[in-house]
Structure formats: structure tokens, C-alpha cells
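Enquirer: Give me coordinates for this.
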Amino acid sequence: MPSATASRIGYIHSVDSCGTVDGPGIRFVVFTTGCPLRCLYCHNPDTGKLVDGKQRTVEDLLDEIGTYHQFLNKAKGGLTVSGGEPLVQAKFVGELFQGVKERYNMHTTLDTSGHAGPKKANKVLPYTDLVMLDIKSWDRETYKKVTTKKIDKCLAFAELLQEQNKPTWIRYVLVPGLTDDEQNMEGLSEYLKPMSNIERIEILPFHKMGEYKWAELGYEYQLKSVEPPTKAGMDVAKKIFEKSGHLVVV
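Expert: So this is what the prediction gives:
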């Protein structure tokens, strides 16, 4: 492994040695700090600023992952890097993924909003087995309302994944009164239909488990009055996304 890898420093919020919802199998999950989005329902608002993370080297994390790698490989799991937005620290994540592959032959998953150009993305994708791409909305106005950003970079990233035939899970958070408009979901379903690299679409119900963090940080949480979607609402979303021809998981 190149000597630069051992000295590469990243900003890390936390790690989870036994994640079960961040990719296939049981995962070692690294949560990075730094994110260009400010999503209304973010459950990790304390990862938004890069410098709020703890500095750790690639080598340090590889050593920690090494204590679990045999178990994780047997459990058909691996390493997931989430955030925050991992592509803010693309060189660090790319070297971490390269390291776990060379040292432990471990499966790698990138959990991202796709807000990075191809130059950054291609520092990570060669060492990435699976991408979990969060698409917050298809409707442009809703996307900007949810994230404060335009959708263009996210869609360009989705198309880059298609070009590279990179295995991808799409994630869509269903927020009543915000992202559950049927035309919005129909548009995204149609957009995803021709993408043969997509293995599944996950519909995630809105929750407020991170609301207390907003209060602790002194941020205004604008979704206080919003309740999680009903089963009927989730069923409607499932039927719409099934029109894409992809496996839909709720």
C-alpha cells in the first residue's frame, strides 16, 4: 500500500462496528463529517461541519476494522462509509476502501447523496462494490426545499453510476406533505426505469429520531408537526416505484 495511505487524515464523527441497515449483511460503518446539504429531516445534523469530526488516519481505521474483518466477511457484510457526505473527503474514503480491499478482501459500500463531480467520485468508485444513493426528490423545487441545493449534481452522479454499471441501491425518504406527492414519485420511477445497474429501491419512512440533536445545536427543526407516513402511504409509494421494474423494499 502506498505510504501516503498511512498518513492520510480524515474527519470522523463516529463508527459502528455492527451496522445492519447500511448495506448487505453486517457492516462496520464509518460516519464522516462535512456535508454540502442541509436536509430538513437530517438525523445527523452534527456531521454537517467537516472540522467537527475527530481526526483519524486511514491506517488507524484499518487497524480497528481488522479486529472485526473475519466476522464481517463471514456475515457477508463489509465496510460502509456514510456521513455527513463521504465524497467531501473523497481521497480519504478512496484510500480507506482500497486499504480494506487489499488487506482484508472486504466488501465496500458508499452511502452518498451524490453531490460531487466525477473527479471526486472517481477517487472512490474504483474501490466501491455498492453505492447507496439518496435521491431526496424528483421535483426540483421540492429537492431544493429539502436540501437547500439543486438536484443536478445528484442526477449527474446517478448517470455516472449507470455508465460505470456500478451496483446501486436507491434510497428515497417518504415525508408526508413533502416528498409523498404521487407525480413526484412517478417522475423518479420513470427516470430510474432504464438504469440496469440498480439492484433495489428502498423507501424509508420519515422519522424524527434526530430532532433532539437539532435542539442541542440550536437549529430550527421545521418538521416538528410532521408525523411518519402511514402504511397506506408507504404502500402507495411502493406501487409507484415498482413501475420502474426494480425491486422495491419498504
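Enquirer: neighbours of Val58, just the number please.
Expert: Per other C-beta atoms under 10 Å, the neighbour tally for Val58 reads 25. C-beta here means a position set from N, CA and C on the backbone, and glycine is covered the same way.
Enquirer: I figured it hits Leu96, correct?
Expert: Yes: checked against C-beta atoms under 8 Å, the pair Val58 and Leu96 is within contact range at 5.1 Å.
Enquirer: what residues are shared contacts of these two?
Expert: Gly10 (C-beta atoms under 8 Å, 6 or more residues apart in numbering).
Enquirer: Show me where this protein has its helices.
Expert: Along the chain, counting by DSSP state H, helices occupy 3-7, 58-66, 69-74, 90-104, 118-121, 140-147, 152-163, 182-192, 211-217, 231-242.
Enquirer: Give me the phi and psi for Pro36.
Expert: phi -80, psi -10 (degrees, to the nearest 10).
Enquirer: Spatially nearest residue to it, not counting backbone neighbours?
Expert: His115 (5.1 Å; C-beta to C-beta, 6 or more residues apart in numbering).
Enquirer: sorry, back to before: please produce CSV containing the helices of the chain, extended by mean pLDDT and distance to Leu40.
Expert: Formatted as CSV, these follow (pLDDT from 0 to 100; distance: least, C-beta to C-beta, whole Å):
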stretch, mean pLDDT, distance to Leu40
helix 3-7, 47, 37
helix 58-66, 97, 31
helix 69-74, 94, 33
helix 90-104, 97, 26
helix 118-121, 94, 25
helix 140-147, 98, 5
helix 152-163, 97, 16
helix 182-192, 98, 15
helix 211-217, 92, 10
helix 231-242, 98, 18
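Enquirer: right, so the ones you listed: which one is the most enclosed?
Expert: Of all the helices of the chain, helix 90-104 carries the top mean neighbour count, a mean of 21, counting by mean count of other C-beta atoms under 10 Å.
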